[in-house]
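Engineer: Got a predicted structure here, sequence first:
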Amino acid sequence: MKRLVLTGLPCPPEAWSDFLGNQSDQRILSMFEIFEKCPSPDLRQMSRVVEKVIQEDRPDSLICHGFGVTMALLALLRLRRRGYSYAPRLTLFNGALRNIHILKSRHPLSIQWRSSQSLKKEVERFGGMVDPRLQTHLKHIRAMYRLVILFNFAEAIGSQLQMQRFLGLHLGTPLASPIQLIASPNDPYIPYGSLLQLKRDFHIETFYEVEYGHFPYSLPKRKLVPLIERFERATF
C-alpha cells in the first residue's frame, strides 16, 4: 500500500512518521515543502503542487490533515474534471473547504499579529508540534490566512454556487475515491460544522468521531492508526 501523507500546519514530517511508523512506501509532504515550491499563498495554486505529486507517485492511500485536506480535495477534483479515473483511498482528519466561520474560528485573524513564539506555545499546549523551518515562511502563512478570511467573506455574502466558482470547485462531480473522515468535535481551530459540511459535500459514509483536538498524533497510535490501516485494507 503506497501512501502519501499531506500534513497540516504547523506540523513537521517527523510528527507524522512517528505516528504512522516509518515505511519505505510512505511519503510525507509537509506544508514547508509546499511553501518552498509555490510562492503563492493561494490554496488553489498550492494544491497544484499536491496535484503534481499525486500524478507522479500515484499513491494507493492519501492521509490528509488540516490544509492537507483542502489541497488534496482541490487537486483530486481538478483531476476528476480532466477525466482522470485514478481514485486513491482518502483518510481525512480535521480540515475544511467551506462553512468556516471566522467568528467561531478566529486564528486566521489572530495569526496576523501574534508572534511565532506565542503561536508555538499554543500549538504545543494543544498537543501539536511546530516545524521550525516554517519560521522563514511566516509572512507566507499570514497571507494564506488572509485569503481564508476572504473566502469566508465571499461565502457569507454569496450563494453556494458563487462560492464554488470562487474556489474553483464543482461539487456536483463526485470523487470516485472511497473516503473516511475521522473528525474531532473538540478541535480548537476548526468548527465542527465545517467538518459536517465536508461530510455532506463529499457524501462521506465512513465517519468517526474521536476527540483528538486538532492534532491526531497527540493521541496514542492505537487510538487512530488501526482505523487508517483497516480502511486501507478494506474492499469497496
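Structural biologist: Noted; the coordinates are in hand.
Engineer: just the helices in this structure please.
Structural biologist: 13-20, 31-37, 43-57, 67-81, 107-110, 116-125, 138-157, 160-167, 192-201, 221-233 (DSSP state H).
Engineer: list the helices and strands the third one packs on?
Structural biologist: Using 3 or more Cβ pairs under 8 Å, 6 or more residues apart in numbering; DSSP states H and E as the contact criterion, the neighbours of helix 43-57 among helices and strands are strand 3-6, strand 26-29, helix 31-37, helix 67-81, helix 138-157. Any C-beta I mention is one placed from the backbone N, CA and C, and that applies to glycine too.
Engineer: Pass me the low-pLDDT residue ranges in this protein, would you?
Structural biologist: The chain contains residues with pLDDT under 70 at 99-105, 153-174, 235-236.
Engineer: please redo it, this time with the cut-off set to 80
Structural biologist: Of all residues in the chain, those with pLDDT under 80 make up the ranges 97-107, 151-174, 235-236.
Engineer: For Val5, find the nearest of the helices of the chain.
Structural biologist: helix 13-20 (5.3 Å; Cβ to Cβ).
Engineer: That closest one vs helix 67-81, what angle?
Structural biologist: Counting by axes from the mean of the first three to the mean of the last three Cα atoms, to 10 degrees, helix 13-20 lies at 80 degrees to helix 67-81.
Engineer: who wins for proximity to Asn94 among the helices of the chain?
Structural biologist: Between the helices of the chain, helix 192-201 lies closest to Asn94; by Cβ to Cβ that is 6.3 Å.
Engineer: Just the CA trace of the closest one, in CSV.
Structural biologist: Only the C-alpha atoms of helix 192-201 are listed here, as CSV (Å, rounded to 0.1, in the frame of the first residue of the first chain):
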residue,chain,number,x,y,z
TYR,A,192,-17.4,21.1,13.9
GLY,A,193,-19.9,22.4,11.5
SER,A,194,-17.2,22.7,8.9
LEU,A,195,-16.5,19.0,9.2
LEU,A,196,-20.1,18.1,8.9
GLN,A,197,-20.3,20.3,5.7
LEU,A,198,-17.3,18.3,4.3
LYS,A,199,-19.2,15.1,5.1
ARG,A,200,-22.2,16.3,3.2
ASP,A,201,-20.4,17.8,0.3
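Engineer: Please work out which of the helices of the chain is packed deepest.
Structural biologist: helix 67-81 (a mean of 23; mean count of other Cβ atoms under 10 Å).
Engineer: Return the distance of it from the chain's centre.
Structural biologist: In terms of Cα atoms, centre = their mean, to the nearest Å, the centre of helix 67-81 is set 10 Å apart from its chain centre.
Engineer: coming back round to it: a markdown table for the helices and strands packed on helix 43-57, including distance to Ser218?
Structural biologist: Compiled in a markdown table, the helices and strands packed on helix 43-57 are given as follows (distance: least, Cβ to Cβ, whole Å):
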| stretch | distance to Ser218 |
| --- | --- |
| strand 3-6 | 16 |
| strand 26-29 | 17 |
| helix 31-37 | 18 |
| helix 67-81 | 16 |
| helix 138-157 | 21 |
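Engineer: Can you check which of the ones you listed gets nearest to Arg200?
Structural biologist: Short answer: helix 67-81, nearest of the helices and strands packed on helix 43-57 by Cβ to Cβ, at 13.5 Å.
Engineer: which secondary structure elements does that closest one contact?
Structural biologist: Applying 3+ Cβ pairs under 8 Å, 6+ apart, we find helix 67-81 packed against strand 3-6, helix 31-37, helix 43-57, strand 61-64, strand 89-92.
Engineer: out of the ones you listed, nearest to Tyr208?
Structural biologist: Here strand 89-92 is closest among the helices and strands packed on helix 67-81 (Cβ to Cβ), at 10.1 Å.
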